[in-house]
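Asks: Pasting a predicted model and its sequence here:
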Amino acid sequence: MEIDLLVNHLEFKEKVIEWLNDGFGGENSREFYKGIINNSLRDKYLPITFVAIENNELVGTVGVWRGDLLSRQDLYPWISALVVHKNYRNKGIGKVLQQYALNYCSSLNFKEAYLYTDIENYYEKSAWRDIR
């Protein structure tokens, strides 16, 4: 499996937008996610989107954003929009994407990174802790 910048694999851009809209959005949110992805097509700094590719197929994605929770604008960066294709789940890809994103944050000298989720008992397995 390879993890790379989405900007280097634009053939997956529409699929990433679709995954984010399906996973986190709703009927009227596609343009919102399209805007996020279009603004994260970069090769450095934030926001940025990474993709996991296996056998020339998109298997996962994750972003590093400046914000992901409106009430906590004081915190950044955020590990955001982690999605692994349903056929590739439970194979450790989500953990690899999280670690890749955290390593990227470290490379930018961020000492901490944040994540917002309503999923229980997933991120805790990767040593995330609740700061509510």
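Replies: It's in. Just so it is clear, the structure is predicted and the values come from calculations on it, not from any experiment. Numbering: from 1, shown residues only.

Asks: contacts and neighbour counts: CA atoms only from here.
Replies: OK.

Asks: List the buried residues of the longest strand that the chain contains.
Replies: When the chain is parsed with DSSP state E, its longest strand is strand 57-65. Along strand 57-65, these residues count as buried under the neighbour rule (16 or more other CA atoms under 10 Å): Leu58, Val59, Gly60, Thr61, Val62, Gly63, Val64, Trp65.

Asks: possible to save these as a markdown table with pLDDT and distance to Ile3?
Replies: Formatted as a markdown table, the buried residues of strand 57-65 follow (pLDDT from 0 to 100; distance: CA to CA, whole Å):
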| residue | pLDDT | distance to Ile3 |
| --- | --- | --- |
| Leu58 | 98 | 10 |
| Val59 | 98 | 10 |
| Gly60 | 98 | 9 |
| Thr61 | 98 | 9 |
| Val62 | 98 | 10 |
| Gly63 | 97 | 12 |
| Val64 | 97 | 14 |
| Trp65 | 95 | 17 |
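
Asks: Tell me the spacing between Glu11 and Trp65.
Replies: Note on Glu11: its distance to Trp65, by CA to CA, to the nearest Å, is 22 Å.
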